[in-house]
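>>> Could you look at this predicted model? Sequence included:
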Amino acid sequence: MPSPVVESAQQRASEEMTGMSFLEHLEELRRRIVYSALYIVGGFAVCWWLHEQIFTFMQKPIIAALASHHLDNKLVYLNPTDPFNMYLKISFLAGIFVASPFVLYQVWAFIAPGLYRNERRYVLPFMFSTVGLFLAGGWFGYKMVYPAALDFLIGFSGQFTPMITVQEYTNLFLTIIAGLGIVFEMPILVFFLALMGILSAGWMWRNFRYAILVIFIIASIIAPPDIMSMCIFAAPMLVLYVLSIAIAWFVHPTQRKKRAAKSAAGD
């Protein structure tokens with residue numbers, strides 16, 4: 001039987017949670033979605049203004065790969081609308097990334113009422129870790145996975161003359177870079193699932209062998225069609241999975257209630 005002091009501490013910790021009705025939750029969600037959409041529109045406007053510079057940065061890996069094999073490094077297009085549509089796509093996706101800190105703040109502001117008071121101070125670490133993990137995944141893909149994959153694939157097809165379109169190249173670039181950026185967000189996804197009690201560290205550890213299989217399946221889907229790229233994709237995902245187990249243990253409701261009770265008992 002818990003002591004009266006512990007029961008009182010747990011009651012005080014529970015009272016820290018802000019109550020909202022269902023309609024108030026819907027109204028709050030609508031408001032956060034509207035704010036997020038406005039930020040994304042603003043990010044798109046900024047990136048559209050810089051669309052040529054953004055694509056110049058994007059095409060550096062293919063230019064380097066073609067030059068290393070003494071091939072023409074000019075990309076082509078087959079439809080007059082392709083360059084315009086491509087610029088729209090990269091401006092929109094880059095705009096989402098530029099607006100992501102503000103959108104993430106809206107996400108945090110929506111879930112904050114469901115957290116204990118001492119947990120609400122994690123807003124800045126949450127935002128920095130989310131953006132930082134995406135950047136780390138994108139950088140890993142841009143500097144390591146993508147150049148190695150392009151060099152291998154172009155070298156493997158040395159008996160042919162490549163005619164790479166801007167549309168195909170953009171799709172491949174975004175698939176790999178954005179794919180790795182999203183994959184690096186695994187700890188954030190686990191954070192939310194464990195926070196809601198859907199996922200636990202024990203379950204993740206018991207299913208580690210199946211996680212390895214799923215990770216290699218995902219890597220084979222996202223990565224270019226060669227074994228080296230798939231393994232390079234899978235390696236950081238395995239590390240992130242282990243890190244996610246620790247995160248799931250830390251934020252699970254059972255551990256949070258224990259910490260909140262200890263904090264309240266110490267006040």
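Great, that's in hand. Residues are numbered from 1 along each chain as shown.
>>> residues of the strand or helix carrying Leu23 that come out buried?
If you go by DSSP states H and E, Leu23 is part of helix 22-49. In terms of neighbour count (16 or more other CB atoms under 10 Å), helix 22-49 has its buried residues at Arg32, Ser36, Tyr39, Ile40, Gly43, Phe44, Cys47, Trp48. All C-beta atoms are positioned from the backbone trio N, CA, C, and that covers glycine.
>>> of those residues, closest to Glu185?
The shortest separation between Glu185 and any of those is 16.8 Å, and it belongs to Ser36 (by CB to CB).
>>> So that closest one sits against Gln106, correct?
Yes: using CB atoms under 8 Å, Ser36 makes contact with Gln106 at a distance of 4.9 Å.
>>> coming back round to it: which secondary structure elements does the helix holding Leu23 contact?
For helix 22-49, the elements it packs on are helix 82-111, judged by 3 or more CB pairs under 8 Å, 6 or more residues apart in numbering; DSSP states H and E.
>>> Now the helix or strand following the helix it packs on: average pLDDT?
If you walk from helix 82-111 toward the C-terminus, the next helix or strand you reach (DSSP H and E) is helix 123-140. Rounded to a whole number, the mean pLDDT of helix 123-140 is 81.
>>> After helix 123-140, which helix or strand is next? Please name it.
The element immediately downstream of helix 123-140 (helix or strand, assigned by DSSP H and E) is helix 146-156.
>>> And what about the residue lying closest to Leu93 once chain neighbours are set aside, helix, strand or coil?
Ranked by CB to CB, 6 or more residues apart in numbering and with sequence neighbours excluded, the top spatial neighbour of Leu93 is Leu174, at 6.5 Å. State at Leu174, reduced to three classes by DSSP: H, G, I helix; E, B strand; the rest coil: helix.
>>> can you pull the contacts of Leu174?
Shown here is Leu174, whose contacts under the criterion CB atoms under 8 Å, 6 or more residues apart in numbering are Lys89, Ile90, Leu93.
>>> Just put the residues you listed in JSON lines and tack on distance to Leu75, pLDDT and neighbour count.
Conversion of the contacts of Leu174 to JSON lines gives the following (distance: CB to CB, whole Å; pLDDT from 0 to 100; neighbours: other CB atoms under 10 Å):
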{"residue": "Lys89", "distance to Leu75": "15", "pLDDT": "91", "neighbour count": "15"}
{"residue": "Ile90", "distance to Leu75": "13", "pLDDT": "92", "neighbour count": "20"}
{"residue": "Leu93", "distance to Leu75": "18", "pLDDT": "87", "neighbour count": "18"}
